[in-house]
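S.K.: Let me see the structure of the following:
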Amino acid sequence: MILNIGSAVTGPEVLLKAISMAANIGSFPKGIITADFDLRNFYHEQMKDETSQNYYFRDQRVSLRGYLRHLEGRGYYIKGNQLNTVPFLYKNDNQTF
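M.R.: Next comes the predicted model:
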């Protein structure tokens with residue numbers, strides 16, 4: 001599982017580089033689960049429209065969309081203040097998403 005907590009650029013880029021490096025040595029990752037924690041709304045329909053400013057939110061595009069389909073993975077978007085959402089995840093670590 002990969003958690004992206006409040007990182008709009010660095011976290012998603014590190015994920016992309018890690019996937020690329022693994023693929024380059026012949027160990028293409030499968031079944032990745034990602035979770036993006038942020039305060040912004042997630043605009044699912046606008047993520048398909050290149051003319052929308054929301055299309056360019058890198059954290060949502062990388063953590064939740066096309067890359068995961070090819071990796072047979074899943075992505076979750078958790079909207080809320082990280083002061084609340086991250087401790088809640090920790091307290092409920094025995095439950096699945």
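S.K.: so residue 15, which of the three states?
M.R.: helix (DSSP: H, G, I helix; E, B strand; the rest coil).
S.K.: Would you confirm that it contacts residue 2?
M.R.: Yes - contact criterion C-beta atoms under 8 Å: residue 15 and residue 2 qualify, at 6.0 Å. Heads up, the C-betas are built off the backbone N, CA and C, glycines and all.
S.K.: Residue 28 reaches residue 22, doesn't it?
M.R.: Yes - the pair residue 28 and residue 22 passes the contact test of C-beta under 8 Å, sitting 6.4 Å apart.
S.K.: Pull stretch 1-8 out as PDB, backbone CA atoms only.
M.R.: Once non-C-alpha atoms are left out, stretch 1-8 reads as follows in PDB (Å, rounded to 0.1, in the frame of the first residue of the first chain):
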ATOM      1  CA  MET A   1       0.000   0.000   0.000                       C
ATOM      2  CA  ILE A   2       1.200   3.500  -0.900                       C
ATOM      3  CA  LEU A   3      -0.100   6.500   1.100                       C
ATOM      4  CA  ASN A   4       0.200   9.900  -0.400                       C
ATOM      5  CA  ILE A   5      -0.500  12.400   2.400                       C
ATOM      6  CA  GLY A   6      -0.700  16.000   1.300                       C
ATOM      7  CA  SER A   7       2.000  15.700  -1.400                       C
ATOM      8  CA  ALA A   8       0.800  17.200  -4.700                       C
END
